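A.B. asks: Could you work out the structure for the sequence below:
(2 chains)
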Amino acid sequence: MKILTLFGYSKDLQNQLEQIRPRLYRLAYSWSHNAALADDLVQDTLIKAMKNANQLRDPALINSWLFSILANCLRDHYRQYKEMDDIDELEDFHYAHENTPENAHSQSQIVLRVRNAVSKLPLGQRQVITLVDLEELSYIEVASILDIPIGTVMSRLCRARVSMKSLLKELAPQYPAQAVPLRRIK
Amino acid sequence: MNKQNISDEYLNSFVDGQLNSSEKVRAFDLINQNETLRDRVCELSALKVMVKHAYTQPPEYARPQVQLQRHWIKHFQSLAACLLLLIGGVSGWLTHEWLNKSDSQNIAAMLLTSQRDDSIAADTRKIILHISNSNPARLKTALDETEGLLNNYRRANRHIQVEVIANKQGVNLLRANLSPYKERVSLMQEKYPNLSFLVCGQTINKLRGEGKNVELLPHTGIASSAADQINKRLLQGWGYVKI
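C.D. replies: Now for the predicted structure:
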């Protein structure tokens, strides 16, 4: 165990962290699609940021720095807690009928459809597409945050968008074909 | 570049504004000349806008309100101590001869001490330990280190205030039905008045939301959230240790 002594902590950093917190949460949510987990990840990110504040050499790069901490936190989380299937949920899933009115309604909402589609992407593609589309970061910045080559960023983004297109079609509500009205010919 | 053979990567770079100005001009020319390309660009742009729109307002996670159990206990203890001292003082005054001036000063000083919220002197070393893991070996290490730290300071006759905050799986250390070191924690609390244990209110609420019965060990405080508590302590100049 390392005992860390007191470290320098500036009020400016505190303000900056407070300002960026909603963006971090949005990104964490878009990666995990779990509000509680996203909140935990943001907390861990902020704690790590405060702890390692001295590692931030250029304050202008604080956003990228925090996003990369967030990506590491998520990776650590998945490493530590491998997902397991809950037997009760599996049973519910098998017995529940998908075509409920609530489900049909929610499926028709574009926001939920897009979130659903993003959640079905592999994590690597999900991270790239959200960093590019939500945070409007350049490919170079994304490559540096996720610690991957820029070519991988481009190919993941490309695959993510191709998958998104087909997923959005799949998730679109299926309306029954309109019945041809009967006409009476006298 | 052959306009029939424009890759998706190229179009993505165009939509995301990653092309330099000369490449962008060329891309505009190609797109203007080819309707299929135009459709592909429109589709990609629409997708980009949709993804951004989908997360404009992510669902908020309800943060639990601050629970002041610990503070209440502390105030109750102070009040009880004051009352006892007062009763002792009054009975002494009634049964013995009039107190001289120095005695009354002593009692006043004792009363003042007992009324203080805590007795942390300015030169006291303050450390917050963060536990987020339920691995018994880690928990044991945390307790060993804490005890070692407190013992060393006590031996050196120096002041130290230690606060242990647990969140995530770490709260198991302080859960009455799950803690592997229940007795040790209470012994340490008795032995070291300058040691306090806190749990993250958010984790507790999450567990309760999952229908789990959460019963904490006696004298365990609940902070609004681990991050807030750690942040608060860091701002107050405490040292931070993650175990």
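
A.B. asks: contacting residues around residue B:138?
C.D. replies: Residues in contact with residue B:138 (Cβ atoms under 8 Å, 6 or more residues apart in numbering or on different chains) are B:131, B:243. Heads up, the C-betas are built off the backbone N, CA and C, glycines and all.

A.B. asks: That one is in what secondary structure piece?
C.D. replies: Assessed by DSSP states H and E, residue B:138 sits inside helix B:136-155.

A.B. asks: next one: residue B:81
C.D. replies: In this assignment (DSSP H and E), residue B:81 forms part of helix B:69-95.

A.B. asks: check whether the following helix or strand past the helix holding residue B:138 contacts chain A.
C.D. replies: Sequence order places strand B:160-166 as the next helix or strand after helix B:136-155, per DSSP H and E. No. If you take Cβ under 8 Å from any Cβ of the partner chain as the test, strand B:160-166 misses chain A, and the best it gets is 10.8 Å.

A.B. asks: Within its sheet, name the partner strands of strand B:160-166 and how each one runs.
C.D. replies: Neighbouring strands of strand B:160-166 in its sheet, by DSSP bridges, are strand B:125-131 (parallel), strand B:195-200 (parallel).

A.B. asks: Figure out how far the helix holding residue B:138 is from the centre of its chain.
C.D. replies: Helix B:136-155 has its C-alpha centroid displaced from the chain centroid by 20 Å (Cα atoms, centre = their mean, to the nearest Å).

A.B. asks: Next: stretch B:229-239.
C.D. replies: The chain centroid and the centroid of stretch B:229-239 are separated by 10 Å under Cα atoms, centre = their mean.

A.B. asks: Outline the domain layout of chain B.
C.D. replies: For chain B, automatic domain parsing gives the domain ranges B:3-54, B:69-117, B:123-242.

A.B. asks: will you turn the ones you listed into JSON lines that also has mean pLDDT and distance to residue A:76?
C.D. replies: Shown next, in JSON lines, are the domains of chain B (pLDDT from 0 to 100; distance: least, Cβ to Cβ, whole Å):
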{"stretch": "domain B:3-54", "mean pLDDT": "88", "distance to residue A:76": "26"}
{"stretch": "domain B:69-117", "mean pLDDT": "58", "distance to residue A:76": "30"}
{"stretch": "domain B:123-242", "mean pLDDT": "86", "distance to residue A:76": "11"}
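
A.B. asks: can you redo those domains as a markdown table with distance to residue A:143?
C.D. replies: Shown next, in a markdown table, are those (distance: least, Cβ to Cβ, whole Å):
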| stretch | distance to residue A:143 |
| --- | --- |
| domain B:3-54 | 12 |
| domain B:69-117 | 46 |
| domain B:123-242 | 29 |
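
A.B. asks: Tell me which of those domains sits most buried.
C.D. replies: Counting by mean count of other Cβ atoms under 10 Å in any protein chain shown, domain B:123-242 has the highest mean neighbour count of those, with a mean of 18.

A.B. asks: Just want the angle from the helix holding residue B:138 to strand B:160-166.
C.D. replies: Angle, helix B:136-155 to strand B:160-166, by axes from the mean of the first three to the mean of the last three Cα atoms, to 10 degrees: 170 degrees.

A.B. asks: For helix B:136-155, output the C-alpha coordinates as CSV.
C.D. replies: The C-alpha coordinates for helix B:136-155 follow below in CSV (Å, rounded to 0.1, in the frame of the first residue of the first chain):
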residue,chain,number,x,y,z
PRO,B,136,-10.8,-10.2,2.8
ALA,B,137,-7.1,-10.0,2.3
ARG,B,138,-7.3,-6.4,1.2
LEU,B,139,-9.7,-5.6,4.1
LYS,B,140,-7.2,-7.2,6.5
THR,B,141,-4.4,-5.1,5.0
ALA,B,142,-6.5,-2.0,5.4
LEU,B,143,-7.2,-2.7,9.0
ASP,B,144,-3.6,-3.7,9.7
GLU,B,145,-2.3,-0.6,8.1
THR,B,146,-4.8,1.6,9.9
GLU,B,147,-3.9,0.1,13.2
GLY,B,148,-0.2,0.3,12.5
LEU,B,149,-0.5,3.9,11.7
LEU,B,150,-2.6,4.7,14.8
ASN,B,151,-0.2,2.8,17.0
ASN,B,152,2.9,4.5,15.6
TYR,B,153,1.5,7.9,16.1
ARG,B,154,0.3,7.0,19.6
ARG,B,155,3.8,5.7,20.5
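
A.B. asks: picking that back up, to residue A:38, which of the domains of chain B lies closest?
C.D. replies: Among these, domain B:123-242 comes nearest to residue A:38, with 12.3 Å by Cβ to Cβ.

A.B. asks: Determine how far the closest one lies from the middle of the whole chain.
C.D. replies: With Cα atoms, centre = their mean, you get 10 Å for domain B:123-242.

A.B. asks: Okay, helices next: where are they in chain A?
C.D. replies: A:11-32, A:35-51, A:62-80, A:87-95, A:101-108, A:110-119, A:123-133, A:139-146, A:150-171 (DSSP state H).
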